[in-house]
Structure formats: C-alpha cells, structure tokens
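>>> Kindly return the folded structure for what I paste below:
(chains A and B)
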Amino acid sequence: MKRTLMLLFPIALLLASTLSAHHSFSATYDTGKTVSIEGKVIQFLLRNPHSFLHIEVKDKEGKVAVYNVEWAAAGQLNGTIAASIKSGDLVTISGNPGRDPADLRLRMVNIKRTDGQTWGFDPGQVVN
Amino acid sequence: MKTIYLLVGVLLVAGASIGAQVQAPGASSGNGAGLGPMVAGTDFSGSWRPQQLVTESQTAAGDLADFGGIPLNDAARVYALSWPASRQTVKQHQCMGYVTPYFWYAPGNYRIWEERDPYTQRLVSWRFYGQIAQGDRTVYMDGRPHPPAYAPHTFAGFSTGEYQGNTLTVTTTHLKRGWIKANGVPQSDAATVVEHFVRHGDNITVLAVIDDPVYLTEPLSKASLLVRMAKDPDAWLYPCDDSEQIFGRKSDVVPNHLFGQNPYAREYADRRKQPLLAALGGAETMYPELANAIRDTTAAENLAKARMMPSGPPAVSRAPDPTPKDGEIHTLRVSGDVYLLAGDGANIAVQVGPQGAFVVDTGSGKLADKVIAAIAKLSAKPIQFILNTTFRPDHTGGNAKLQMAGADPSVTGSFFSMQFQGAGRGATIISQLNTQSRMVEQKLPAPPSDTFAEDRRRKYYNGEAVEAFPMPNATTDGDSIVHFRRADVIVAGDIFTTTEYPHIDTKNGGSLQGEINALNFILDRTVYIHDEDGGTMIIPGHGRVTDEWEVAEYRDMLVIIRDRVQAMIKAGATLQQTQAARPTFDYDVRYGATSGPWTTNMFVEAVYTSLKNPPKTENAR
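Below you'll find the model as predicted:
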C-alpha cells in the first residue's frame, strides 16, 4: 500500500503541471473586502511589474496619510491612462485593503476622477 | 524511503522518455580532438507556454503558510513564517529574479533555442528564456566546468547539460537565494538543481530535483509541463523597474513577523480543514506516514505550534565556505580592471592600469609573496596605493610586504621628496583615521600613513574615479568601503560577508544600526542590470563576489534580527534571555557558528549591546 502511494505521488506531481501568478494577490490583500478612499494624487508610478498610485487622504480629523494603491502593469496602463493621470487629480478609489495595515495599501478595483473619468477592473471598464 | 522516492521519479522520467514521440539520435563522440564534444539529442527548440494549474501543491506563489509537501527544515519554516507579502514592496525585492525550478512556474511564454559554433556546428548550449522575469538561462553542452565557488551567483545560475538517451539532464549551481514557493519558502544560494527534460511531441516535461543543504532535509522534486505553441506569440518582454512603492518608507524598514506572531499562520490550514502540522510542511508531509502523526489531533496541534518557534540544537552554517584553502592565491576578474584575489584570509581587491596597482586590503600576510606575484601578473607597474577597509589582521597582515613591494611616485618623485625618513619607500597605505589608530595601538605592522576621518577620500587613478567612504560605527568605528566607479565595483570590507554574521566589534565602536546604515549606503550606490542581477558588483570582506541582491538580503536579515532583539529589549529581556530566544534561528543554517572567532552567541551579544547602548555617531552618515 505504502509503495503504491509513493508511486502515485510523483505521478500526481507530473500531472500537476502547475501555474499560478508569480506573486499572489490574495497573500498581499484581503481580496474578500473592498474599501473606498477619496484623495489627491501625489504620484503615479507607471512601472512593471505593477504600477502604483500614491494618494493623499485626509481623515475626518484632518490628519493626512498617503495610501499606496497597486494598479496594473505598465503595458496595461500605457497610453491614454498614463497620459491622463496627473499629480493633483482628485480621485475616488475602491480597492482591496492590504493585509498589513501599516502599509496603507489598496489593490485597485476602480478609480473615478472628479471629471467623471473612470478606469478599473469592473465589467465594462477599461484596463482588463 | 528517500531513495525509493527519488528512484520512482527517475523511473517515471525514463519511462516517459521511452514513450517520447520524438525519437532522437543517440549521443556520438565525433572525431576531431579539441573541437569539444559532439552531442546530439532531442530538439527542444520552439515557443512554449506552461500548462495551466491542476493542483495547488506545486504553485509558484501559493497561499500564506501553505508549506505542505516541501521537506523544509525548522529554520526554513520559521524563515517562511516571518515573511509577509509586504516584503515584496522592499525596493530590492520588487524585481527579484526567478531561480530554477521556480523559473518554470511563471505564467508567461518560454522560448528554447540552441546555439551552435558557427564554424564547427557543434552544440555549444541550450538557451531557456522566460518572459515574466525575462529570465535568460544558458545550459552549456560543451563540457566546460562550473565556475569556482568564489565566483558570483545569479538567478539563472550556471548550468551544464548532457543527454541521457532522449532526456536532457541539466545541472545548475551558482544560484542566488530564491523561492521554492513565493509565500516565503526559500531556496538557498547553496542549492544544486538537477532538471530532466523529456519531450513528448508537443509537450516537454521538466522534472527538477532541488538539493538544498541549507533549507531542505531531503531533495525536493518538482514537475512542470510546457506546451508547444504553433505560432510564436510575439510577447516576450516584461521589463521590471523598481520604485518607491510604499511612499515614505525608510530603507531600514523590512516588513517581518516576529516569532509566533504571524497572524495568517493557520489561515490556509483552517480554510482547507487541514491539520496545521500538515500545512507547515517538512519531509513527513511528503509521505503517507503523515496520517499517523496527525491521528492524535491534540498532539499534532501542539507539535505544529512548537515548530513555529525556534527549537533544536544550535545550528551552524550549512553553506560551503567559498574561500580557497589550498595555499594558493586565486585571481578572478570582477569587472573592468578590478580583480579579486582570494585565498589569504580576507578578500583582496586589485585595480590595475597604466599608473600602477591600487590594492584594497592585503589579506592575512601568510601568502603575501604569492599575493605580490599574483598582482605582478596583472600589472607590470608597482603597487602605488593600499587601502585598508579595517584594522583587522586578516585584512592588514600583508601590509608590510605589499608596501615594500610597491612604490608611490607621487612621493618619491615629487618636490621635497626623500626629506622624511621612509617617504616613498614603497606604496602609500590609506585608511580611515580610526583604523590607523587601532593599528598603532595594537602594534600591528605597517599601519596606514594617509588617513581620512569623516569625508570621503578620492583619487582618479588608472583612468577611473576611486572613492573611499568612511562608515561610522559599522563593524568597528574605522570601517570604509571603496567604490571603483568605472568598473562599478564596491569593495565592502567586513561590512558585508557571505560567510558569517557581521563581526560587530562593540569594544572598537561597532554597532548594528551603523552596520545596517552602511549596507544601505552601499545599496544607495548600486544599480543592477536586470532583475537584481549584475551591474554594480560587490567584493565582500569574506566569501564570494556578489551584486546588490546579496547585500540587500544581508541587510534584510540584520533588520529582522534587530527588530526581534529590540522587541525583547523593550520587554525587559536580559542578554541571556535574548540569546536563549535565538533571534537568529532561521539564519543560523546559513551564517551561524558555535565555535571559532565569531560565534552566533557573540553576534547576538553585539546586537543586544549596541541596541541597548548605541554609539552616538552610528547615524552620522
């Protein structure tokens, strides 16, 4: 029995040709939750592997914090979006919160600018 | 059992090989001695994509604390549990390359092609290219040897291959520390990976066996499958470019979980309704006997909890020391005109050119004559400058002989020359002021005569800008690093080694925070070529030549240990209690020592002492 199991195990490994994302969003973010922030764009980093937006957010007491919003790869955002986002833009962003609260991270679900322009990963939106 | 398990894997590959649809000619020796081996075998060239996921057990990233089926040791488990995904936002981690076999688990395209000598048409190498990290591997088929142990490691490593029937077997060494699984399960830089490639028509099976003396208790087999694409996908790039992903984060912040405080340690096990013991991995999770271990659920739970904390006897480094110990001096060109001379205690760096030789550190002095002979092979001109990065005898022991073998024409040939006794009698020795003072105090031979204190010492020598920077309160209060700017080589002295914990000498002004600051200073000057490989090269005080990745790894380790010890100090722990808690546990298998001049306990004492009573100038830079 034991030997049979040992034989089956490597077969399973061979069949289990495997693949998942090279880094796991679910390890970084609470993908079961979505939160929303409103604030001002400080910086847009158009980068691979993923782009980041830094958003200055004021809480109810007026205390300012900078949120780090992970977006898509540079190749996905290059073009009109990259040309359009500017420092100082006022935006509302919804996203999955980071597992480590100290990082003030979000994984972008969608972003809406005060001029009504919207991007995101929801159905019908640009970027994927 | 281990033997049987491996045998089954090998037989499986062999069986697949027999059934392969592509029949290849056997290897032939060829005629023509000196042309290299004539090898022939299965053709693997083409564009390939990875087969999609079937199970989670072999995924690239995986869930947090999902280590089942991996024969990791206790140190690797604790290492993985201290890893939060937030670590990926640390600058040097954002574009971390992929070691094999992790290389084959990326979701992008792969291209495989052969390279042949244009004149003999003999197979020189197979090339494996992966899109996601733009990994570019060369598998030499021409019989060349692997590089020496003191040569740099890369994420691709150094690979050689041979055909065994229809199977291409590839052996890779000189890998960097990478991932077995990117949920924190490490593969060490001492790992050797053997991959077997078998083609079945439009599929390639890759069966890889990782042998890692540092983090695994037995070899780990991983399999992946590639599917041939009829048409080239024309999608091959994913250039990575790091950035300040977390705004305002300081460079000495490295996210980590303290021992036993990973809030997600049992998330995977609970969600999958698995015993925690099974999720935490270890060799027993590869075998059916695991069922016996988890039958008593309470005992299994208690055992799992115990395995999340340091345990067992003190560990020593399981990574081989790359320093040659054959009584000879070994020369390695690092970049440009800068060379490593290894074999006489601490590493020696030499820059050569039309003006002469600039030597950084002189070794222990036991092989000084051979060091001088090795330098003479590189430069017909004499040694003009010697710079000591520290006062320690293994770095300065050759000062007297190397000085007298050299000459400094800027002294002997200058105005007022020879008016002072000894002026120009040999090379000029330079160091940070405190290194000179220590050498004089300790009556070490041939102390430096040319010093600098807080400002950089700079020269334009052999057509190259050379800068020496003092690093206050790092391993001592007299350390410095040297940057050869055209070759782009940094000589780090004992601030960075690949063989041991930093020798922080608190009695002579060393401190942990100063050491971390010095490593970050180095990292502020380095630039990689591609995905944390190459670019600025680093010659450590001891060990092999590296680039910034290993410096960042070393910095990360020290920050994590600092955070652990700092937390214990805050909780009122004594030195003995701190040592007993083993704050270096997950790194001892790579850097630890229980005997010799610098033990793990001595290092922890230095950490504790310098955190409790930091020197006032440790943040001076």
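
>>> Centroid-nearest residue for chain A?
A:R107 (2.6 Å; C-alpha atoms, centre = their mean).

>>> what sits against that residue?
A:25, A:28-29, A:31, A:69-70, A:95-96, A:98 (C-beta atoms under 8 Å, 6 or more residues apart in numbering or on different chains). Where you see a C-beta, it was placed from the backbone N, CA and C, and this is true even at glycine.

>>> Mind picking the two most distant members of these?
A:T31 and A:V69 (14.8 Å; C-beta to C-beta).

>>> which helices and strands does whichever strand in chain A runs longest pack with?
Looking across chain A with DSSP state E, the single longest strand is strand A:35-45. For strand A:35-45, the elements it packs on are strand A:52-58, strand A:64-70, strand A:90-97, judged by 3 or more C-beta pairs under 8 Å, 6 or more residues apart in numbering or on different chains; DSSP states H and E.

>>> Let me have those in a markdown table, adding mean pLDDT as columns.
As requested, the helices and strands packed on strand A:35-45 are arranged in a markdown table below (pLDDT from 0 to 100):
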| stretch | mean pLDDT |
| --- | --- |
| strand A:52-58 | 97 |
| strand A:64-70 | 97 |
| strand A:90-97 | 97 |
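
>>> Any chance of a markdown table for those, columns distance to chain B?
Listed next are these as a markdown table, based on distance: least, C-beta to the nearest C-beta, whole Å:
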| stretch | distance to chain B |
| --- | --- |
| strand A:52-58 | 5 |
| strand A:64-70 | 4 |
| strand A:90-97 | 12 |
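
>>> Redo these as JSON lines? Include mean neighbour count.
Formatted as JSON lines, the helices and strands packed on strand A:35-45 follow (neighbours: other C-beta atoms under 10 Å in any protein chain shown):
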{"stretch": "strand A:52-58", "mean neighbour count": "20"}
{"stretch": "strand A:64-70", "mean neighbour count": "18"}
{"stretch": "strand A:90-97", "mean neighbour count": "19"}
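
>>> how about these, which one is nearest B:T169?
strand A:64-70 (40.3 Å).

>>> Identify the residues contacting the helix or strand hosting B:S431?
For B:S431, the host element (DSSP states H and E) is strand B:428-432. Applying C-beta under 8 Å, 6+ apart, the external contacts of strand B:428-432 come out as B:384-389, B:391, B:399, B:403, B:408, B:410-411, B:439, B:446-453, B:457, B:468, B:470, B:478-480.

>>> out of the residues you listed, which are inside strands?
Among the contacts of strand B:428-432, the residues falling in strands (DSSP E) are B:384-388, B:450-452, B:457, B:468, B:470, B:480.

>>> now these: which count as buried?
Among the ones in strands among the contacts of strand B:428-432, the ones that count as buried by 16 or more other C-beta atoms under 10 Å in any protein chain shown are B:384-388, B:451-452, B:457, B:468, B:470, B:480.

>>> Just give me the residue closest to the centre of chain B.
Note: chain B centre (C-alpha atoms, centre = their mean) maps to B:E550, 4.5 Å.

>>> Identify each of the strands in the stretch 251-400 of chain B and give its residue range.
For the stretch 251-400 of chain B, the strands defined by DSSP state E, counting those that start in this stretch occupy B:330-335, B:338-342, B:348-352, B:357-360, B:383-388.

>>> what residues does the shortest one touch?
Strand B:357-360 is contacted from outside by B:348-352, B:375, B:378-379, B:381-389, B:402, B:406, B:427, B:459, B:461-462, B:466, B:482, B:491, B:493, B:539, using C-beta under 8 Å, 6+ apart.

>>> please redo it, this time with the cut-off set to 7 Å
Residues from elsewhere that reach strand B:357-360 (C-beta atoms under 7 Å, 6 or more residues apart in numbering or on different chains): B:348-351, B:375, B:379, B:381-387, B:389, B:402, B:461-462, B:466, B:482, B:491.

>>> Quick check: PyMOL command selecting the buried ones in the residues you listed.
To isolate the buried ones among the contacts of strand B:357-360 in PyMOL, judged by 16+ other C-beta under 10 Å, type:
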select buried, chain B and resi 348+349+350+351+375+379+381+382+383+384+385+386+387+389+402+461+462+466+482+491
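
>>> Which ones, among the contacts of strand B:357-360, also lie beside chain A?
Residues of those in contact with chain A (C-beta under 7 Å from any C-beta of the partner chain): none.

>>> Report how many residues lie close to residue 41.
Picked chain A for this. Residues near A:V41, counting by other C-beta atoms under 10 Å in any protein chain shown, number 20.

>>> my bad, the chain I had in mind was chain B
B:G41 has 22 neighbours, counted by other C-beta under 10 Å.

>>> Work out for me the element the residue lying closest to it once chain neighbours are set aside sits within.
Nearest non-adjacent residue to B:G41, counting by C-beta to C-beta, 6 or more residues apart in numbering or on different chains: B:Y163, 3.5 Å away. Assigned by DSSP H and E, B:Y163 belongs to strand B:158-164.

>>> residues in contact with that strand?
Surrounding strand B:158-164, the residues in contact under the criterion C-beta under 7 Å, 6+ apart are B:27, B:39, B:41, B:126, B:137-141, B:144, B:146-147, B:168-174.

>>> Filter these down to the ones in strands?
Short answer: these in strands (DSSP E) are B:126, B:137-140, B:168-173.

>>> ok now the helix or strand harbouring B:R77, how far from the chain's centre?
Taking DSSP H and E as the definition, one finds B:R77 inside helix B:74-81. Its chain's C-alpha centre and that of helix B:74-81 lie 18 Å apart, by C-alpha atoms, centre = their mean, to the nearest Å.

>>> Tell me which stretches of the stretch 351-500 of chain B form helices.
B:368-378, B:393-396, B:399-405, B:409-412, B:433-441 (DSSP state H, counting those that start in this stretch).

>>> rank those by pLDDT, which is bottom?
In terms of average pLDDT, helix B:409-412 trails the rest of the helices of the stretch 351-500 of chain B, at a mean of 78.

>>> Give me the buried positions along it.
B:V411.

>>> Please apply the same query to stretch B:515-529.
Buried positions in stretch B:515-529, judged by neighbour count with 16+ other C-beta under 10 Å: B:515-523, B:526, B:528.

>>> would you turn those into TSV with pLDDT, distance to B:A573 and secondary structure?
Shown next, in TSV, are the buried residues of stretch B:515-529 (pLDDT from 0 to 100; distance: C-beta to C-beta, whole Å; DSSP: H, G, I helix; E, B strand; the rest coil):
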residue	pLDDT	distance to B:A573	secondary structure
B:E515	98	21	helix
B:I516	98	21	helix
B:N517	98	24	helix
B:A518	98	26	helix
B:L519	98	25	helix
B:N520	98	27	helix
B:F521	98	30	helix
B:I522	98	31	helix
B:L523	98	30	helix
B:T526	98	35	coil
B:Y528	97	39	coil
